[in-house]
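> Provide a 3D model corresponding to the input given below.
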Amino acid sequence: MNAEKEARSKGQDITGEFAPKPQAGRIWFVVLVGAVALMVLFPPLRRAGIWTNSQNRPISSGEAYRFDRFEFGYSPSFRTIGDIGKQEETEGLSTVTLLETGAYQYKAYRWLVDWQWVVALGIIVAIGVGLIAVVELAILKAAAEAAPLSSQERLKRRLLWLFAVVIVALGLAFIRSHIELRSDRERIAARCREWSVRLKKDASDREALGNLVKVLNGNWSFARTYAAWAIGDAGPNALPAIDDLIRVINADDLFVSQEALKSIGKVSKGSEKGVDVLIHKLDEGWVTASFAANGLGEIGAPAERAIGPLERIAQSSDNSTVVHSAKAAIEDIQKAIATKAKSPVH
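Numbering: from 1, shown residues only. Next up, the predicted model:
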C-alpha cells in the first residue's frame with residue numbers, strides 16, 4: 001500500500017509506468033475561448049439614430065444616447081461583426097421630442113456595439129467559467145488520486161455542475177428582467193391603445209381607465225409614457241385621471257412627465273381642471289412652456305384666465321416655438337369663448 005501511494009505521488013501507476021496526466025483546465029479554457037469568439041463574431045449591437053433638428057442644433061453624445069434608448073429600447077441584436085457601423089435607412093422621417101431637449105428627427109441609423117450588454121454578458125460568462133473551473137479542478141483532483149469515486153463524490157460533482165448551470169441561468173434571467181424587448185413594448189402599447197379606444201367610446205368604462213392609471217403609476221418608463229399618451233388620446237372621457245396626470249408631470253422620468261403634460265390639455269378640454277397647473281408650467285423651459293401653451297389651447301374657453309400669461313410669454317420669449325404656441329393658444333381660446341357666447345343658453 002505504501003509503495004502504491006509513493007508511485008502515485010511520482011505520477012506513476014502501480015506497475016511503475018508513468019500515468020498520463022489530465023490536461024488541467026481544458027474544459028473551462030475551451031468554454032472561455034468559445035464564448036469570447038462568439039461575442040467577437042456576433043457582438044450585441046444597438047441602433048444609433050442619426051439625429052437632426054429643424055434649427056440645426058448639434059446634439060451631444062449624451063442626448064443622442066437618451067434619444068436612442070427611448071426610440072429603440074434596450075434589447076440588442078446579435079449581428080455579425082461586419083455590421084458594426086453599417087447605416088440603414090428607415091421607411092420615413094421619425095420625430096422624437098424630449099423635455100428640455102426638444103424635437104429631433106432621424107431617417108437613418110447606424111449599428112453600434114452595445115457595451116452595456118457586452119459587460120453584462122462578460123460577467124455572466126466569467127461566473128459560469130469560474131464555476132466550471134471549480135468543477136474541473138475537483139475532477140482533476142479525483143483523477144490524480146486514481147481512486148474510484150464514491151457515490152457521495154459523484155453526487156457532489158453533479159451538484160456542482162448543476163449549480164454552475166443554475167447560476168448562469170439566474171444571471172441571464174436577471175438581465176432579461178431588466179431589459180425590455182421590442183415585443184414587450186409592442187405588447188403594452190397594444191393594450192394601452194385598446195383601453196384608450198374603449199374609454200373613448202364609453203366614458204363609463206372604469207376598467208379601461210383603471211388599467212391605464214395603474215400602468216401610468218407603475219415603474220416601467222416606456223409603459224408609463226405610453227399610458228400617459230393613451231389617457232390623453234381618450235380625450236375628456238379620461239378626465240377622472242387628471243389628478244394622476246398632474247401628479248406625474250414633475251416626475252424624474254422626463255419621458256413620462258412630458259407625455260403627461262401634453263395629455264392634461266386633451267383630457268381637460270372644456271374643463272377648468274388643468275388650467276392652473278398648465279399656467280404654472282408656462283414659466284419653465286421652452287419645451288415645457290410650448291407644451292403647456294398647446295394644452296391651454298386644447299382646453300378652450302375655460303382657459304380664459306390664461307390669456308394674460310400667454311400674452312406675456314409671447315412677447316418676452318426669444319424662442320420661436322414658444323411664441324408660436326402661445327399665439328396659437330390665445331387664438332384657440334378666444335375662438336372657443338366666441339363660440340360659447342353664440343351658443344344658446346340651456
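
> Next, the spatially most central residue of the chain: phi, psi?
By Cα atoms, centre = their mean, the chain has its centre lying nearest to Gly73, at 4.8 Å. The phi and psi values for Gly73, taken as degrees, to the nearest 10, are phi 80, psi -170.

> ok, now how distant is it from Pro309?
Gly73 is 38 Å from Pro309, where distance means Cβ to Cβ, to the nearest Å. For every residue, glycine as well, the C-beta is placed using N, CA and C.

> again with Pro44
As judged by Cβ to Cβ, Pro44 and Pro309 stand 49 Å apart.

> One more: Thr80?
Counting by Cβ to Cβ, the separation of Thr80 from Pro309 is 56 Å.

> swap in Ala227?
Counting by Cβ to Cβ - Ala227 and Pro309 are separated by 29 Å.

> Specify which residue of these two has the higher count of neighbours.
Ranked by neighbour count (other Cβ atoms under 10 Å), Ala227 and Pro309 place Ala227 first, with 33 against 18.

> The helix or strand hosting that one - contacts with which helices or strands?
Here Ala227, judged by DSSP states H and E, is contained in helix 221-233. Here helix 221-233 touches helix 182-201, helix 206-216, helix 242-248, helix 254-267, going by 3 or more Cβ pairs under 8 Å, 6 or more residues apart in numbering; DSSP states H and E.

> Tell me who's in contact with Gly235.
Gly235 makes contacts with Lys200, Lys266, Val267, Lys269, as judged by Cβ atoms under 8 Å, 6 or more residues apart in numbering.

> one step back: out of the helices and strands packed on helix 221-233, which comes closest to Ile337?
Set against Ile337 and scored by Cβ to Cβ, the helices and strands packed on helix 221-233 come closest in helix 254-267, at 16.2 Å.

> Off-centre distance for that closest one?
Here helix 254-267 is found 18 Å from its chain centre; the criterion is Cα atoms, centre = their mean, to the nearest Å.

> can you check stretch 211-220 too?
On Cα atoms, centre = their mean, the centre of stretch 211-220 falls 15 Å from the chain's centre.

> go on, stretch 110-124?
Stretch 110-124 sits 15 Å away from the centroid of its parent chain (Cα atoms, centre = their mean).

> Low-confidence regions, the stretch 201-346 of the chain specifically.
Residue ranges of the stretch 201-346 of the chain with pLDDT under 70: 343-346.

> how much space is there between Val215 and Glu207?
According to Cβ to Cβ, Val215 stands 13 Å off from Glu207.

> The two: who's more crowded?
It is Val215, of Val215 and Glu207, that has more neighbours when counted by other Cβ under 10 Å, with 21 against 11.

> ok, that one touching Ile188?
Yes - proximity of Val215 to Ile188 meets the contact threshold set by Cβ atoms under 8 Å, at 7.1 Å.
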